[in-house]
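# Sharing a model that was predicted from the sequence below.
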Amino acid sequence: MDMSMTQQTPGVLLSRLRAEPPLVQCITNFVAMNIAANVLLAAGASPAMVSDAEEANEFARIAGALTVNIGTLSAPFVAGMRTAIEGAQAAGRPWVLDPVACQATALRRRTAADLLALTPTIIRGNASEILALAGEDSRGQGVDGRDSVETAEAGARHLAETSGAVVAVTGEVDFVTDGTRAVRIAGGSPYMPLNTALGCSLTGLCGAYAAVADDPFDAAVGALAHYAVAGSRAHEGAAGPGSFGVRFLDALHGLAPGALDAEARVSQA
Ligand SMILES: Nc1ncnc2c1ncn2[C@@H]1O[C@H](COP(=O)(O)OP(=O)(O)OP(=O)(O)O)[C@@H](O)[C@H]1O
Ligand SMILES: Cc1ncsc1CCO
Ligand SMILES: [Mg+2]
């Protein structure tokens with residue numbers, strides 16, 4: 001990749017992560033809990049799925065980053081999210097928002113808007129979710145994206161400007177912007193959206209990269225590039241979504257920092 005697009009390249013951040021695996025507090029959904037934990041471990045981070053309001057604030061203060069995902073939403077989750085965000089912010093730690101299916105119901109629209117107002121460091125979602133969060137029409141079907149990343153790029157730029165967050169839109173070709181800078185990241189596999197919770201797990205990986213990066217834009221690019229390169233590698237020889245899933249974990253683990261920078265397909269947008 002062109003090394004001028006980030007201060008710290010994906011490979012530099014991956015080296016940091018592997019040298020000192022960051023503790024990442026993941027408040028995520030019941031579908032993603034096990035999958036995301038395995039993804040973070042394979043990539044080189046240390047995940048902990050801690051969400052109860054009684055301990056989430058205390059835990060956020062000792063974690064390197066917090067990630068918040070509204071996939072299986074309920075009042076106890078929301079209470080844990082709110083107090084965890086307060087703890088992360090008090091400790092000066094980054095937090096990542098994943099607004100799963102935020103177009104679908106009044107509860108999700110309200111919760112996503114409330115969490116957005118708490119100023120996430122990074123927002124990661126599929127194009128349908130980012131369009132909805134940006135106040136535009138979304139064709140999302142439940143948790144599955146149904147819009148192209150391209151149609152969400154203008155909304156993502158606007159959302160980044162108004163929220164102050166780095167916005168990462170995922171799909172066939174990903175898009176990352178902080179409102180000023182913007183890049184596209186190619187790679188991955190069409191088997192990825194057929195494996196549940198890989199997006200939710202990527203949100204966790206954004207937290208891991210944010211914990212070791214100086215700049216959240218570099219963190220989002222690093223996490224998405226790690227995923228894209230591992231996804232491309234895993235696609236080779238995969239017979240379908242099942243064998244892809246196994247190969248993907250192996251590829252996340254087996255990717256060396258130098259190879260990540262050599263194989264990352266990041267371009268200016
Ligand atoms: N058609 C595709 N080709 C290549 N990579 C893809 C494709 N669709 C998605 N991806 C990749 O899959 C990963 C997850 O992105 P996706 O947009 O599917 O998340 P999501 O909809 O939030 O997933 P989930 O809600 O199931 O966790 C990203 O790394 C993205 O680049
Ligand atoms: C399938 C599913 N349902 C709620 S969250 C989730 C994981 C993918 O977003
Ligand atoms: Mg999702």
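Here it is on my side, so go on. Ligands and ions are numbered 1, 2, ... in the order given.
# Tell me how many other residues crowd the residue of the chain found nearest ligand 3.
With Cβ to the ion, the shortest gap between the chain and ligand 3 falls at G199, namely 3.6 Å. The C-beta positions use only the backbone N, C-alpha and C, and glycine is treated the same way. If you count neighbours by other Cβ atoms under 10 Å, G199 ends up with 26.
# Which strand or helix spans it?
Taking DSSP states H and E as the definition, one finds G199 inside helix 198-212.
# buried stuff in stretch 49-65?
M49, V50, S51, A53, A56, N57, F59, A60, R61, A63, G64, A65 (16 or more other Cβ atoms under 10 Å).
# Give me the nearest residue to the most centrally placed residue in the chain, chain neighbours excluded.
For the chain, the residue nearest the mean C-alpha position is T203 (2.3 Å; Cα atoms, centre = their mean). In space, and not counting its chain neighbours, T203 is closest to D98: 3.9 Å by Cβ to Cβ, 6 or more residues apart in numbering.
# among the buried residues of stretch 49-65, which are in reach of ligand 1?
Checked against ligand 1 using Cβ under 6 Å from any ligand atom, these yield no neighbours at all.
# how many other residues sit next to Q268?
Neighbourhood size, Q268 [other Cβ under 10 Å]: 10.
# Let me see the residues that make contact with the one helix or strand A79 maps to.
A79 belongs to helix 75-90 when assigned by DSSP H and E. The contact list for helix 75-90 (Cβ atoms under 8 Å, 6 or more residues apart in numbering) reads 25, 27, 50-53, 56-61, 63, 65-66, 68, 70, 94-95, 111, 115, 118.
# Looking at the buried residues of stretch 49-65, spot the one nearest ligand 1.
M49 (15.1 Å; Cβ to the nearest ligand atom).
# wait, that closest one sits on A37?
Yes: using Cβ atoms under 8 Å, M49 makes contact with A37 at a distance of 6.4 Å.
# quick one: common contacting residues for these two?
In terms of Cβ under 8 Å, 6+ apart, M49 and A37 are both contacted by the residues C26.
# can you pull the contacts of the residue nearest to I185 when sequence neighbours are not counted?
Nearest non-adjacent residue to I185, counting by Cβ to Cβ, 6+ apart: D174, 4.2 Å away. Residues counted as contacts of D174 (Cβ under 8 Å, 6+ apart) are V149, A168, R184, I185, A186, G188, L224, A228.
# Just give me the closest of those to E20.
Compare each of those with E20 using Cβ to Cβ and the shortest gap goes to L224, at 21.5 Å.
# Give me the neighbour count for that closest one.
29.
# picking up where we left off before, strands paired with the following helix or strand past the helix holding A79, and their directions?
Later in the chain than helix 75-90, the nearest helix or strand by DSSP H and E is strand 95-98. Strand pairing for strand 95-98, using DSSP bridges, gives strand 65-69 (parallel), strand 122-126 (parallel).
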